[in-house]
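Visitor: here is my input; please provide its structure:
(3 chains)
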Amino acid sequence: MVTLSKITKTYSKGTVTAVTDVSFSVKAGELFGLIGPDGAGKSSIFRILTTLLLPDSGKATVAGHDVITGYRQIRSQVGYMPGRFSLYPDLTVEENIQFFATVFNSSITENYHLIEDIYVQLEPFKKRRAGKLSGGMKQKLALCCALIHKPTVLFLNEPTTGVDPVSRKEFWEMLRRLKTQGITVLVSTPYMDEAALCDRIALIQHGNLLAIDSPDGIVNAYPGTLYAVKADDMPRVMQVLAAHEPRFTSYIFGEYIHVDTYNGNTPDLPGELKDLLTKSGFNDIEVKPITPTIEDCFIKMLTT
Amino acid sequence: MTSLEPVIKTEKLTKRFGDFIATNEITFEVYKGEIFGFLGANGAGKTTAMRMLCGLSRPTSGKATVAGFDVYRQTEQIKRHIGYMSQKFSLYEDLTVLENIRFFGGIYGLNNQQLRVKSDGLIERLGLQSEAKKLVGDLPLGWKQKLAFSVSILHEPDIVFLDEPTGGVDPVTRRQFWAMIYEAASRGITLFVTTHYMDEAEYCHRISIMVDGRIEALGTPAGLKTKLKEPSMDGVFYQLARGAKRGDS
Amino acid sequence: MNQFAIFIKKEFFHVLRDRRTLLILVGMPIAQILIFGFALTNEVKNARIVVVDHAKDNASRSIINRIAASNYFEIQADVMDRDGMETAFRAGDIKLALVFPPSFEDNLAHQNHAQLQVIADASDPNSATTLTNYVSSIIRDYQTELNEQAALPYQIAPQIRMLYNPLLKGAPNFVPGVMALVLMLVSVMMTAISIVREKETGTMEVLLVSPFKPAWVILSKAVPYLLLSLINVLSIVLMSVFVLQVPVKGSWLLLFAESTLFIITCLTLGIFISIKTKTQQVAMLVSLMGMLLPTVMFSGFMFPIANMPVFLQWISNIVPAKWFYIIVKSIMIKGVGIEGIWKETVILCGITLLLFIVSLKSFKIRLQ
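Guide: Residues are numbered from 1 along each chain as shown, chains lettered A, B, ... in the order given. Got it, this is the predicted structure:
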């Protein structure tokens, strides 16, 4: 449904490189996540796919149309939510949805079933000006406006940024329900935990694609074993681990510290860890192997 | 590292906007050298509370002192003793790194001698020697955030307020940022942090969770997880925030 | 105090680094001083006049020669009949006419007293007064000269008639000028800002990714301002008629039709500016500095265009307000119909078409 082949994009006459040689494809009906921090190139890729920017080189197609020559066809059948709130703050909820439905030669009634379970949450505020909604509500409204014309592909650029975890979770549940309607959804997000909710994801940093696979696939591809370490006085544990020779890769992760060998230089990692911590005078020592999360995989890719 | 000396003390602090009660009688204390996580859903009243504590907004009722100064009558002294950094604004994009440091240092009352010493130290610590004369707008986000944080504590304030400081930043930089936070805490600076990353809630000494204008939970991460029988902070937050009536409106 | 100094230093950085705004803020005053200093003056020079000499005697020719020799006047035609003169006045081709009666010298010789008619276009009362004063002083000089050699004093009395605005009220001059200014302000600036705002807030991005043709987006912006501007025209004209006592001598319908044309010109200009600028702030600056000020300076309602250096006269030809000012003055003050202003109308249409084509070509269907 969406294909990219060696897409490169630079700005400011080539001095700023946003995207380098990116290639991947998204199948019809997939919920695809583009995961990476700010500045990774996500927005540029989305803008190229929605035909708003021309790539420096490479080819891309959406729903079978080329993004350069077939832009008119693409623009009439995709839904797009750009990063920040891009609806009309001085129009009401109702008026915004009405406007976007009409712009796409559709109407609210025609595709109401698509936005139904999102709209029920908005309905009590339908006469409120969009600018006066809370962040989470604005995102829901923007999603409605992008869906109301039953697009074949939905592009959501960082729809959950700045929104609290509960609202984020609800939003993703809504996205998963869209799959049953046969809509292909591409979402970009800096939140690694959201990656696990996608069918397939692409990890991207500094314009380069680090990996592309299903979340499970990426986790399974993690080389070696990752361990979680805990003891009393965690800050000191960090210091001890950081100072150790040969080096470990260690970083805080919630209530544990995740530790891995640095380039495979420690054959018996758990043993060495327990030893080290005991000798350093810690109590309540816990060292256990864990299944890496997407964030762990991302960190691994960034630090090797 | 943390002592029992409260640097923030509030008692039934309330802010009303007409009929709407944004912050409803919140009572809590934050101790010197603590990393205090201030969590809550959008619209729960966090920003309003922070504004009152920074001396930017006058409370409707209740009491509060920050760094020993009263939030009603001594807002100027409060502002002199705190630092602030938010995701939306921290540094001037069209000034260079050096110019930003000198400007904010000057604002905080550092003289030229102190400024020079601190500015050199800061640049070296962050490894920004080759970037010092670049416009901040040209730096990648991670650098900007780390620089903004360092600038906010240039004057060694008693407390620093950090409003979602790590939004959108990559996981490695995020942890470098938190290492800087720990380092500041060990120097006796108190840090008041809001965040939407639940793993960051674990890095705090204590946290509070606001729901519908009230503080519904206050304690250490471990303590809250035990009390609410949740294995993770995610679960704790979800349990409390899910029942919010005001959460998204 | 030190802290204050730091703020000042920072503000200087901000200002100096915003190149585009800096250019306008520094460049504009320089341009304005030069223009005001060299080009704009209230003096009247090279005014086009017509002389109708029924006498064709020495006295009349002497006076005519002196007038021809002076810098102030440029004689268009020596002979013209009444109708021709009226047409010329209505079209704005001449500013003043001198008419010598057949027995001019005769009267002087036998009665020591002669008259001649001085007819001035008083739709611009300032110019008219200045011109009639010049004429009077030339005639007085001649009279003085005659008297030096004469026994009895000669007296030449110019009969001055102010056309279109006998009471020399200021309003007939500035009402058309204000109309041009107000329409420019609303139509150019507000349209430009409105479209650029969509670019700035990001809604344009969403609109582009839709089957909606971008041209419709832009045209839809222009419509409310078109209606608003027409209402403005109505209120200005009504106030002019009822409050300022300056009636509309010509056709109301024609006035509104021409106003609509001018509004469309301004809207197109606003659209062109919005395509070329990225922020509302720059759009506003360009509209104000770049459009409003030239309109005031080059439309002709404050400073006579004929007195400017030729180069600036050429520039004034591309300022749409100049043509509209002439059109409105002709209709309102002189009562002229379409036959008198078709030239200006065609020029306005041409400018609009040109702006429209250029806008269409520059319109970007993508973000970069």
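
Visitor: which regions of the stretch 101-250 of chain C sit below the pLDDT cut-off?
Guide: Scanning the stretch 101-250 of chain C for pLDDT under 70 picks out nothing.

Visitor: up against chain A, what does it have?
Guide: C:Thr201, C:Gly202, C:Thr203, C:Glu205, C:Val206, C:Leu207, C:Leu208, C:Val209, C:Ser210, C:Pro211, C:Phe212 (C-beta under 8 Å from any C-beta of the partner chain). Every C-beta, even on glycine, is put in place using the N, C-alpha and C of the backbone.

Visitor: out of the residues you listed, which end up buried?
Guide: C:Thr201, C:Thr203, C:Glu205, C:Val206, C:Leu207, C:Leu208, C:Val209, C:Ser210, C:Phe212 (16 or more other C-beta atoms under 10 Å in any protein chain shown).

Visitor: quick one on the thing from earlier: redo the residues of the stretch 101-250 of chain C next to chain A as a markdown table? Include distance to A:Gln121 and secondary structure.
Guide: Below are these laid out as a markdown table (distance: C-beta to C-beta, whole Å; DSSP: H, G, I helix; E, B strand; the rest coil):
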| residue | distance to A:Gln121 | secondary structure |
| --- | --- | --- |
| C:Thr201 | 24 | helix |
| C:Gly202 | 24 | coil |
| C:Thr203 | 23 | helix |
| C:Glu205 | 25 | helix |
| C:Val206 | 21 | helix |
| C:Leu207 | 25 | helix |
| C:Leu208 | 29 | helix |
| C:Val209 | 25 | coil |
| C:Ser210 | 25 | coil |
| C:Pro211 | 28 | coil |
| C:Phe212 | 28 | coil |
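
Visitor: most remote residue from chain B's center?
Guide: Here chain B reaches farthest from its C-alpha mean at B:Ser130, the gap being 29.0 Å by C-alpha atoms, centre = their mean.

Visitor: what kind of secondary structure is that residue in?
Guide: Following DSSP: H, G, I helix; E, B strand; the rest coil, B:Ser130 is assigned to helix.

Visitor: residues contacting it?
Guide: If you count contacts by C-beta atoms under 8 Å, 6 or more residues apart in numbering or on different chains, B:Ser130 has none.

Visitor: all helices of chain B, in order?
Guide: B:46-53, B:75-81, B:97-107, B:112-126, B:141-152, B:171-186, B:198-202, B:221-228, B:233-242 (DSSP state H).

Visitor: nearest to C:Thr130 among those would be which one?
Guide: helix B:97-107 (56.8 Å; C-beta to C-beta).

Visitor: need the contact partners of the closest one.
Guide: In contact with helix B:97-107 (C-beta under 8 Å, 6+ apart) are residues B:91-92, B:95, B:114-115, B:118-119, B:122-123, B:128, B:131-134, B:136, B:139, B:147, B:151-152, B:154-155, C:2-3, C:6-7, C:9-10, C:13.

Visitor: would you mark the buried spots in that helix?
Guide: Buried, per 16+ other C-beta under 10 Å, within helix B:97-107: B:Val97, B:Glu99, B:Asn100, B:Ile101, B:Arg102, B:Phe103, B:Phe104, B:Gly105, B:Gly106, B:Ile107.

Visitor: make TSV out of those residues and add pLDDT.
Guide: Output for these, formatted as TSV (pLDDT from 0 to 100):
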residue	pLDDT
B:Val97	92
B:Glu99	90
B:Asn100	91
B:Ile101	91
B:Arg102	89
B:Phe103	88
B:Phe104	88
B:Gly105	87
B:Gly106	84
B:Ile107	83
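
Visitor: distance to A:Pro235 for the residues you listed - can I get that in CSV?
Guide: Output for the buried residues of helix B:97-107, formatted as CSV (distance: C-beta to C-beta, whole Å):
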residue, distance to A:Pro235
B:Val97, 29
B:Glu99, 35
B:Asn100, 30
B:Ile101, 28
B:Arg102, 33
B:Phe103, 33
B:Phe104, 28
B:Gly105, 29
B:Gly106, 34
B:Ile107, 32
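
Visitor: just the pLDDT for the residue in the stretch 101-250 of chain A that chain C sits nearest to.
Guide: As assessed by C-beta to the nearest C-beta, chain C sits closest to A:Val103 within the stretch 101-250 of chain A, at 4.8 Å. Predicted confidence (pLDDT) for A:Val103: 83.

Visitor: next one: phi and psi at it?
Guide: phi -60, psi -30 (degrees, to the nearest 10).

Visitor: enumerate the residues of the stretch 101-250 of chain A near chain C.
Guide: By the rule C-beta under 8 Å from any C-beta, the part of the stretch 101-250 of chain A lying against chain C is A:Val103, A:Phe104, A:Asn105, A:Cys145.
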